[in-house]
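In: here is my input; please provide its structure:
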Amino acid sequence: MGLLDGNPANETSLVLLLFADFSSMLGCMAVLIGFWRLKLLRNHVTKVIACFCATSFCKDFPSTILTLTNTAVNGGFPCYLYAIVITYGSFACWLWTLCLAISIYMLIVKREPEPERFEKYYYLFCWGLPLISTIVMLAKNTVQFVGNWCWIGVNFTGYRFGLFYGPFLFIWAISAVLVGLTSRYTYVVIHNGVSDNKEKHLTYQFKLINYIIVFLVCWVFAVVNRIVNGLNMFPPALNILHTYLSVSHGFWASVTFIYNNPLMWRYFGAKILTVFTFFGYFTDVQKKLEKNKNNNNPSPYSSSRGTSGKTMGGHPTDNDVQCSSDMEQCSLERHPNMINQQNLNNNYGLQQNYNDEGSSSSSLSSSDEEKQTVEMQNIQISTSTNGQGNN
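Out: Below you'll find the predicted structure:
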């Protein structure tokens, strides 16, 4: 049986499936390469994102091979392997998304000084828990070829939601609550007078929550489609949305993380535009990106003379002002023993802000200002996106 069967609806769905799988692998690979090349991005939060991307890539690669070879359609081992890869890989990616929300919440709201101590539990949680759903799926003999892949058959709606979509809704709900609490905390701190640039608050808040929005959008059509399938209806348009968005979640999550990361998009922007410079195009833009690819802008709220957090008598030191445009490089040169803590500023971590005269805002009393400064220095994150799958 050929890869394309002559049915336009099936062929469209299959092409979208392959396109989504390939784009997802490329997006996750780009993020992993970015972490490998940009040492300034290496911290606890980016390690969680890297684990998600690695899990997503390991899920999409065998899925793509099985789709291209069309061996799963006849059942047997390839069909079971396809179902295992989808169920285990997707579930694990969702859990890494939840761990990302937990990590950001712990760093910002709870001010956890050593989030790395939770990593061993994350590994056990994210790569161990999906085994339960996978084993039950196999033990109950529910696997069938269901269109473009193998998964829990259409006659096992209860297992579909009990083993897969039910946990998805639960994981997304907890993640959304944690993101909401984190966003509310940053809103309160920023609007208590510490930030000089409150008009950019929405930009920062969007970067806090965009990965969870991507998580929902990419999977909501899959949930709706499976509910409709349970009613013995199979609308082609809904199935196409389900196929593309759920499988391409890794790609959109990667795009979200790169968007949130000044270091990352400058690095890739400089590399991509290098090709065009040979033909005389985008030369100035490429040089600018190349020059500033290691310049991690502070927060959207930091003024042009913001500091890295160290002051003398409420005023920024000369070194702080000089380093405000290249915070990570300064942290490596001046504080080599504090790299892990300083790396939490990678992307768009908020810093203490100062006005153009170089003095801190006088709108707060001395004690209140001191308290708010401590809070602001704890809003330091690196965020991204979340799980992906194709069932």
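
In: in stretch 179-193, which residues are buried?
Out: Buried positions in stretch 179-193, judged by neighbour count with 16 or more other Cβ atoms under 10 Å: Val179, Thr182, Ser183, Tyr185, Thr186, Val189, Ile190, Asn192. The C-beta positions use only the backbone N, C-alpha and C, and glycine is treated the same way.

In: quick one: the helices in the stretch 51-200 of the chain?
Out: Under the criterion DSSP state H, counting those that start in this stretch, the stretch 51-200 of the chain carries helices at the ranges 76-108, 119-128, 130-139, 157-160, 166-189.

In: what helices and strands are in contact with the third one?
Out: Judged by 3 or more Cβ pairs under 8 Å, 6 or more residues apart in numbering; DSSP states H and E, helix 130-139 is in contact with helix 76-108.

In: and the angle for the helix it packs on with helix 119-128?
Out: In terms of direction (axes from the mean of the first three to the mean of the last three Cα atoms, to 10 degrees), helix 76-108 departs from helix 119-128 by 150 degrees.

In: can we start the residue count at 57 from this point?
Out: New numbering, starting at 57: the last item is helix 132-164.

In: with adjacent residues omitted, what lies nearest to Lys196?
Out: Ranked by Cβ to Cβ, 6 or more residues apart in numbering and with sequence neighbours excluded, the top spatial neighbour of Lys196 is Tyr215, at 6.4 Å.

In: mind putting the helices of the stretch 107-256 of the chain into JSON lines with distance to Tyr315?
Out: Formatted as JSON lines, the entries for the helices of the stretch 107-256 of the chain read as follows, by distance: least, Cβ to Cβ, whole Å:
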{"stretch": "helix 132-164", "distance to Tyr315": "15"}
{"stretch": "helix 175-184", "distance to Tyr315": "24"}
{"stretch": "helix 186-195", "distance to Tyr315": "28"}
{"stretch": "helix 213-216", "distance to Tyr315": "33"}
{"stretch": "helix 222-245", "distance to Tyr315": "17"}
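
In: out of those helices, flag the one nearest Asn288.
Out: helix 213-216 (10.0 Å; Cβ to Cβ).

In: in the closest one, what counts as buried?
Out: Thr213, Tyr215, Arg216.

In: CSV for those residues, including distance to Ile328 and pLDDT?
Out: Putting those into CSV (distance: Cβ to Cβ, whole Å; pLDDT from 0 to 100) gives the following:
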residue, distance to Ile328, pLDDT
Thr213, 45, 90
Tyr215, 45, 95
Arg216, 41, 94
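
In: run through the stretch 257-406 of the chain and note the low-pLDDT ranges.
Out: Residues of the stretch 257-406 of the chain that meet the criterion pLDDT under 70 lie in 257-258, 348-406.

In: what do you get if the cut-off is 90, keeping everything else the same?
Out: Across the stretch 257-406 of the chain, the ranges flagged by pLDDT under 90 are 257-268, 282, 285-293, 295-296, 313-406.

In: which parts of it are helices?
Out: For the stretch 257-406 of the chain, the helices defined by DSSP H, counting those that start in this stretch cover 257-286, 292-303, 305-316, 318-333, 339-348, 374-379, 383-390, 395-398.

In: switch the ones you listed over to a markdown table; also include mean neighbour count.
Out: Written out in a markdown table, the entries for the helices of the stretch 257-406 of the chain read as follows (neighbours: other Cβ atoms under 10 Å):
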| stretch | mean neighbour count |
| --- | --- |
| helix 257-286 | 19 |
| helix 292-303 | 21 |
| helix 305-316 | 26 |
| helix 318-333 | 18 |
| helix 339-348 | 15 |
| helix 374-379 | 16 |
| helix 383-390 | 18 |
| helix 395-398 | 16 |
